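In: Task: produce atomic coordinates for the following.
(one chain, ligands or ions: 1)
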Amino acid sequence: MIDFSLTDEQKALRDLARDFAKNEMIPKSEHHDHTGEYPMDILKKAWETGLMNLHIPTKYNGAGMGDLDEVILAEELNYACSGMATAILANNLALAPVLIGASDEVMKKFIEPMTHEFKICAYAVTEPGAGSDVAGIRTTAKRVGDEYILNGSKMWITNAGVSDWLFVLAKTDPNAGHKGMTGFIVETKTPGVIIGKKEKNMGQRCSDTRGVTFEEVKIHKSQMIGGEGDGFKIAMGAFDHTRPAVAIGAVGVAKCAFDHSVRYSNTRTTFGKPISSNQAISFMIAEMARDIEAGRLLCWQAAWLIDNGHKNTYQASIAKAFCADMCVRICTDAVQVFGGYGYNQEYPVEKLMRDSKIFQIYEGTSQIQRVIISKFINDGKGIEHPNN
Ligand SMILES: Cc1cc2nc3c(=O)[nH]c(=O)nc-3n(C[C@H](O)[C@H](O)[C@H](O)COP(=O)(O)OP(=O)(O)OC[C@H]3O[C@@H](n4cnc5c(N)ncnc54)[C@H](O)[C@@H]3O)c2cc1C
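Out: Just a heads-up that it's a prediction; the model follows:
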C-alpha cells in the first residue's frame with residue numbers, strides 16, 4: 001500500500017516547525033549570515049520547543065520519533081535558514097551512532113540527561129587527511145587498563161565549539177583497516193581535548209565548524225560505543241538515518257529559492273511585461289518545481305524504508321545525491337531569475353546559493369554518493385524496490 005498522508009502527530013510537528021522557522025529563524029537569518037554569530041538562543045528555544053534530539057527512545061525519556069519525522073521537520077527549518085538548521089540538527093547526527101551502539105550505561109549517563117537539560121553534541125569523524133576515505137583516519141585510541149588514550153586530530157566538526165560531548169571515531173587497531181576502528185563518547189571538558197578556531201566558510205556562516213585535537217585524552221572504557229572494532233560500521237550506519245534528513249535540507253533551501261523566484265518573476269517587468277511571461281524564465285521555474293517534488297519523494301522514501309525496518313543505504317544515497325545537486329542548480333537558477341539583484345547581498349538568493357554548496361560536500365560528497373549507488377548497481381542490488 002502506498003500512502004503519502006501524514007499522521008496527525010506529523011502534521012502537528014510540521015506546523016510547530018513551520019511556526020518556529022517563521023517566528024524565530026527567518027527574522028534573524030540575515031543577521032546571523034552577515035555576522036557569522038552562532039544562534040545559541042535559537043538552539044535553546046528549539047530544544048525547549050521539542051525540535052531537537054527527536055530520536056532518543058521513550059525508554060530514556062525521549063520522543064522516540066522516526067526518521068520521517070525528522071525529514072518533515074528538517075525541510076521546514078532549512079527553508080528558514082540552513083546554517084541555523086545545520087546547527088540545530090547536528091545533535092541528531094552525533095546521536096545516530098550512539099543510538100545504534102550504546103550500552104544502557106552510556107544511554108543513562110549521557111543521553112537521558114539530554115531530555116531534561118540543554119546539551120549540544122557533535123559527530124567527530126573527518127580528519128585533516130581523511131574525509132571521504134574514512135578508513136584512512138589516523139586518530140588512535142590505545143587501551144591502558146580500564147582506559148583508552150586518544151591522540152589525533154579531527155577537522156570540520158559541526159558544533160565542536162559549543163558541544164558538551166563528541167562522538168569520536170578512532171583506531172584501536174591501526175593494522176586492521178576499517179575493522180580496527182572504535183567509537184567513543186568524549187566529553188569536551190576532558191583534559192587534552194583542544195577545540196580549534198571557528199572556520200570561515202562560504203555559506204551556512206552561523207554554523208560552527210572547527211578542528212579538534214586530542215592530546216593524551218583519557219577515556220574510560222565504558223564510554224565505548226558498541227564493541228572494539230565496531231566503530232566504522234556504526235559511524236557509517238548512522239548515515240542511513242541522517243542522509244534523508246540532510247537531503248531534505250537541500251529540498252528546503254531549494255523550495256525557498258523557488259518561492260523567491262516565483263514572487264520576483266511575477267513582479268519584475270522587462271519590455272512591458274513580467275519576466276515570468278517569458279518561457280525561458282517560467283520553464284526554469286517549472287523545472288525547479290519538478291525537481292523539488294521529486295527530491296522530496298526520494299527523501300520520504302529513504303526515511304520511510306528505514307523507519308519500517310528496511311535497509312535504505314542505496315535510496316538514502318540517491319536522495320542525498322539528487323537533492324544536493326538539485327539544490328545547487330536551483331539556487332544558481334534563482335540568482336539568474338533575479339538578474340543583477342540576485343548577485344547582491346541585499347536580496348535573499350545570494351545567501352541561498354552560498355548555503356546550497358555544502359549539501360554536495362558534507363555527510364558524503366555527491367561523488368561518494370555515486371560511488372555507493374554504483375556499488376549497489378554493480379553488485380546487482382539497486383534498482384529493485386526492497387519492499388517488493
Ligand atoms: C561545513 C562543513 C561541516 C562538516 N561537518 C562535519 C561533521 O560534523 N563531522 C564530520 O565528521 N565531518 C564533517 N564535515 C566533513 C565532510 O564530511 C567532509 O569534508 C567530506 O566528507 C569530504 O571530505 P574531504 O573534505 O576530506 O574531501 P576529500 O575526501 O579529500 O575529497 C576531495 C574531492 O575528491 C572527491 N573524491 C574523493 N574520493 C573520491 C572517490 N573515491 N571517487 C570520486 N571522487 C572522490 C570528493 O568527492 C571531493 O570532490 C564537514 C565539512 C564541512 C565543510
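In: Next, the contact list for the residue in the chain positioned nearest to the ligand, please.
Out: Closest contact between the chain and the ligand, by C-beta to the nearest ligand atom, is at residue 131 (1.9 Å). Bear in mind the C-beta positions are built from the backbone N, C-alpha and C, glycine included. By C-beta atoms under 8 Å, 6 or more residues apart in numbering, the contact set of residue 131 is 155, 156, 365.
In: State the pLDDT value of it.
Out: For residue 131, the pLDDT comes out at 96.
In: Residue 217 in helix, strand or coil?
Out: strand (DSSP: H, G, I helix; E, B strand; the rest coil).
In: cool, and residue 204?
Out: Per three-state DSSP, residue 204 ends up coil.
In: Quick check: phi and psi on it?
Out: The phi and psi torsions at residue 204 (degrees, to the nearest 10) take the values phi 40, psi 50.
In: what about the nearest residue to it once chain neighbours are set aside, neighbour count?
Out: Leaving aside its sequence neighbours, residue 204 sits nearest to residue 83 (C-beta to C-beta, 6 or more residues apart in numbering; 3.7 Å). Per other C-beta atoms under 10 Å, the neighbour tally for residue 83 reads 27.
In: list the contacts for residue 83?
Out: So residue 83 contacts 29, 32, 33, 39, 203, 204, 205, 206, 207, 355 (C-beta under 8 Å, 6+ apart).
In: ok, so of the residues you listed, who is nearest residue 3?
Out: residue 355 (32.7 Å; C-beta to C-beta).
In: which residues does the closest one contact?
Out: Counted by C-beta under 8 Å, 6+ apart, residue 355 has contacts 82, 83, 203, 204, 253, 331.
In: Please report the distance of it from residue 182.
Out: 34 Å (C-beta to C-beta, to the nearest Å).
In: same question, residue 245
Out: 26 Å.
In: what about these two, which has more around it?
Out: residue 245 (32 against 25).
In: State the helix or strand in which that one lies.
Out: Using DSSP states H and E, residue 245 maps to helix 231-267.
In: Can you list the strands that the helix or strand following that helix pairs with?
Out: Per DSSP H and E, the first helix or strand lying C-terminal to helix 231-267 is strand 269-270. Its sheet considered, strand 269-270 pairs with strand 273-274 (antiparallel) by DSSP bridges.
In: what's the partner strand in contact with?
Out: 265, 266, 267, 268.
In: Tell me which residues touch the closest residue in space to the first one that isn't next to it in sequence, please.
Out: Closest residue to residue 265 apart from its sequence neighbours, by C-beta to C-beta, 6+ apart: residue 276 at 3.9 Å. Under the criterion of C-beta under 8 Å, 6+ apart, the neighbours of residue 276 are 262, 265, 266, 282, 285.
In: Got a ChimeraX select line for the buried ones in these?
Out: Those of those that count as buried under 16 or more other C-beta atoms under 10 Å are selected in ChimeraX with:
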select :262,265,282,285
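In: follow-up on the earlier one: I'd like the contacts of strand 273-274 as CSV, with pLDDT and distance to the ligand appended.
Out: Listed next are the contacts of strand 273-274 as CSV, based on pLDDT from 0 to 100; distance: C-beta to the nearest ligand atom, whole Å:
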residue, pLDDT, distance to the ligand
265, 98, 31
266, 98, 34
267, 98, 34
268, 98, 33
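In: any idea which of these is closest to residue 322?
Out: Checking the contacts of strand 273-274 one by one against residue 322 (C-beta to C-beta), the nearest turns out to be residue 265, at 24.5 Å.
In: quick one: the residue nearest to residue 204 is in a helix?
Out: Yes: counting by three-state DSSP, residue 83 is part of a helix.
In: For the helix holding residue 245, buried residues please.
Out: Applying 16+ other C-beta under 10 Å to helix 231-267 flags 231-258, 260-262, 264-265 as buried.
In: helices and strands around that helix, which ones?
Out: Identification of packing neighbours for helix 231-267 by 3 or more C-beta pairs under 8 Å, 6 or more residues apart in numbering; DSSP states H and E yields helix 67-80, helix 82-101, strand 165-171, strand 181-187, strand 273-274, helix 279-307, helix 313-337, helix 349-356.
In: ok so, going back, may I see the contacts of residue 83 organised as CSV, with pLDDT and distance to the ligand added?
Out: Below are the contacts of residue 83 laid out as CSV (pLDDT from 0 to 100; distance: C-beta to the nearest ligand atom, whole Å):
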residue, pLDDT, distance to the ligand
29, 98, 17
32, 98, 15
33, 98, 14
39, 98, 15
203, 98, 8
204, 98, 6
205, 98, 10
206, 98, 11
207, 98, 7
355, 98, 10
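In: Serialize those to TSV and add fields for distance to residue 77.
Out: Shown next, in TSV, are those (distance: C-beta to C-beta, whole Å):
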residue	distance to residue 77
29	11
32	13
33	15
39	11
203	16
204	12
205	16
206	13
207	12
355	13
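In: And the residues you listed, which of them are buried?
Out: Buried among the contacts of residue 83 (16+ other C-beta under 10 Å): 29, 32, 33, 39, 203, 204, 205, 206, 207, 355.
In: who touches the fourth one in this structure?
Out: Residue 39 makes contact with 25, 28, 32, 83, 84, 87, 206, according to C-beta under 8 Å, 6+ apart.
In: Mind telling me the two of these farthest from one another?
Out: Greatest spacing in the contacts of residue 39, by C-beta to C-beta: 28 and 87 (12.4 Å).
In: Regarding residue 153, what is its secondary structure?
Out: Assignment for residue 153 (three-state DSSP): strand.
In: can you list the residues of the stretch 151-300 of the chain near the ligand?
Out: 156, 157, 158, 201, 209 (C-beta under 6 Å from any ligand atom).
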